[in-house]
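Undergrad: Below: sequence and its predicted model.
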Amino acid sequence: MKLCRHLAIGVGFGGRNNGRRVISLNRFAGPDQGAVRLPIIIAGGAAALFFMSLVAIPLFFGANQLYQSAGGGGDCTDTSGAAAQPQQSGDASGIPSNYLALYKKAGQQYGIPWNVLAGIGWVETHHGQLKAPGVLSGSNSAGAGGPMQFIPGTWQQFGVDGDNDGKKSRYDPADAIPAAANYLKHNGAPDKMRSAIFAYNHLDSYVSDVLSWAQKYSAGNFNVVQAGGPTCVDMNGAPAAPNAIVAQVITFAKAQLGKPYVYGAVGPNSFDCSGLTSAAYKSANVTIPRLSDAQYWWGASVPKGQEQPGDLVYFEYLPGHSGPGHVGIVYNPQKGIMIVAPHTGDVVKFQNYKTYPGGAVGFTRPTAHNGRNGPTQKR
């Protein structure tokens, strides 16, 4: 039995070349809306503004690449758990009780994980306890004020009367904390959490600090969602499986979401691309070849546009090779979504096969194999 073509370059059985991944850059919109860390933006005259423009350009594009890198590659991100409210850790007991309650209330109201709001609250003003200008009154050199550090223009647009006392005060945590949630929501949170935090303060280090504290405040693992392309919505509206075998294949494949890609792995804790497809069919008592090229010649060929859930979709069939080097399981043909183990450094996930670089080279239906020889004709 031949190994998939990637074996020669050390990527994986039936895997893909990690070095060939294609990414696109999507532009951010909106200026820095308020924290203490960029006072020079508004502080200087023409010379200061010119200097900041030199600094901002590489920062701007660097952040785009970091936070929006997946869009053009056709990735599909499951955002169904993005608004989840994690349990608090022991570290969260250090948050003042009134602030902790407000973080959790705003998190529920706006669908923002409360611990992210708490992370911002700590980094900005230590939950209102920082002894610095602009925390309890007045403003700092950038014009920011209050526990969540809003500048007046941003507060005017996104300020909230959180305690329904008939006024909005950026110094009142009951107003400022839900306003921060409101602003994050405006900038794409919770589905694009990293870029939303970056919009709050345009520093990569700021995003890292906030998420580090958010992780400390949550019990267990806190998974940050950053959708750079199409979202999966864990695919409400996906067509029903055509038969019980396919239903089991899909159920098995979905249960592996988030498990790492590992070269040559067939489960249960990790998979490569053809390891996932063969294991999924094995779970339904259907034995198919182990490797993507052999799988391609095993099942009945399905014309493009007629694929259905459970079919296998193939990529990267290069001259001189025995078959395609990469394979996934069709999940939602209307949207072009597959479940796949992509490559080293990634995890089993939803991905858009219609926008996959190079395009699909074919589809097969393993359940149409007659048990002796596949109906697909080699060419």
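TA: Yep, it's here. Numbering: from 1, shown residues only.
Undergrad: By average pLDDT, which secondary structure element in the chain comes out worst?
TA: helix 40-43 (a mean of 33; mean pLDDT, DSSP states H and E).
Undergrad: Report the secondary structure element holding Q109.
TA: For Q109, the enclosing helix or strand under DSSP states H and E is helix 97-110.
Undergrad: Go through the helix or strand that comes right after that helix and flag the buried ones.
TA: Tracing the chain past helix 97-110, the next element assigned as helix or strand by DSSP H and E is helix 114-125. The neighbour-count criterion (16 or more other C-beta atoms under 10 Å) identifies W114, N115, V116, L117, A118, G119, I120, G121, W122, V123, E124, T125 as the buried residues of helix 114-125. Where you see a C-beta, it was placed from the backbone N, CA and C, and this is true even at glycine.
Undergrad: what lines up beside the lengthiest strand in the chain in the sheet?
TA: Longest strand in the chain by number of residues (criterion: DSSP state E): strand 326-332. The strands that strand 326-332 pairs with in its sheet are strand 312-315 (antiparallel), strand 337-340 (antiparallel) (by DSSP bridges).
Undergrad: Does the following helix or strand past the last one pack against any helices or strands, and if so which?
TA: Next helix or strand after strand 337-340 toward the C-terminus (DSSP H and E): strand 349-352. In terms of contacts (3 or more C-beta pairs under 8 Å, 6 or more residues apart in numbering; DSSP states H and E), strand 349-352 is packed against strand 337-340.
Undergrad: Distance from the strand it packs on to the middle of the chain?
TA: Taking C-alpha atoms, centre = their mean, to the nearest Å, one finds the center of strand 337-340 at 15 Å from the center of the full chain.
Undergrad: one step back: I would like the residues contacting the helix holding Q109, please.
TA: Surrounding helix 97-110, the residues in contact under the criterion C-beta atoms under 8 Å, 6 or more residues apart in numbering are 85, 88, 92, 95, 112-118, 121, 127-128, 147, 162, 173-174, 177-178, 180-182, 184-185.
Undergrad: Pull out the buried residues from those residues.
TA: Among these, the ones that count as buried by 16+ other C-beta under 10 Å are 88, 92, 95, 112-118, 121, 127-128, 147, 162, 173-174, 177-178, 180-182, 184-185.
Undergrad: mind showing which ranges of the chain have poor pLDDT?
TA: Residue ranges of the chain with pLDDT under 70: 1-76, 229-237, 370-379.
Undergrad: domains of it?
TA: 6-17+237-368, 86-217 (automatic domain parsing).
Undergrad: would JSON lines of those with distance to T77 be doable?
TA: As requested, these are arranged in JSON lines below (distance: least, C-beta to C-beta, whole Å):
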{"stretch": "domain 6-17+237-368", "distance to T77": "7"}
{"stretch": "domain 86-217", "distance to T77": "8"}
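Undergrad: which one of those domains lies closest to D78?
TA: With C-beta to C-beta as the measure, domain 6-17+237-368 is the member of the domains of the chain nearest D78 (6.0 Å).
Undergrad: mind listing what A279 touches?
TA: F252, Q256, V266, G267, F271.
Undergrad: Next one: it relative to I197, how far apart?
TA: In this view, A279 and I197 are 37 Å apart by C-beta to C-beta, to the nearest Å.
Undergrad: do H326 as well
TA: Using C-beta to C-beta, one obtains 34 Å as the distance from H326 to I197.
Undergrad: quick one, helices of this structure?
TA: For the chain, helices defined by DSSP state H occupy the ranges 40-43, 46-67, 97-110, 114-125, 152-158, 173-186, 193-200, 204-217, 244-255, 273-283, 292-298.
Undergrad: Alpha carbons of stretch 142-154, as CSV, please.
TA: Once non-C-alpha atoms are left out, stretch 142-154 reads as follows in CSV (Å, rounded to 0.1, in the frame of the first residue of the first chain):
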residue,chain,number,x,y,z
ALA,A,142,-5.5,60.6,26.1
GLY,A,143,-8.8,61.9,27.4
ALA,A,144,-9.9,58.4,28.7
GLY,A,145,-11.8,58.1,31.9
GLY,A,146,-13.5,55.6,34.1
PRO,A,147,-12.8,52.0,35.1
MET,A,148,-13.1,50.8,31.4
GLN,A,149,-11.2,53.9,30.1
PHE,A,150,-13.6,55.4,27.5
ILE,A,151,-12.8,58.6,25.6
PRO,A,152,-15.8,61.1,25.4
GLY,A,153,-16.6,60.4,21.7
THR,A,154,-16.7,56.7,22.1
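Undergrad: Identify each buried residue in that stretch, please.
TA: Residues of stretch 142-154 classed as buried under the neighbour-count rule (16+ other C-beta under 10 Å) are A142, G143, A144, G145, G146, P147, M148, Q149, F150, I151, T154.
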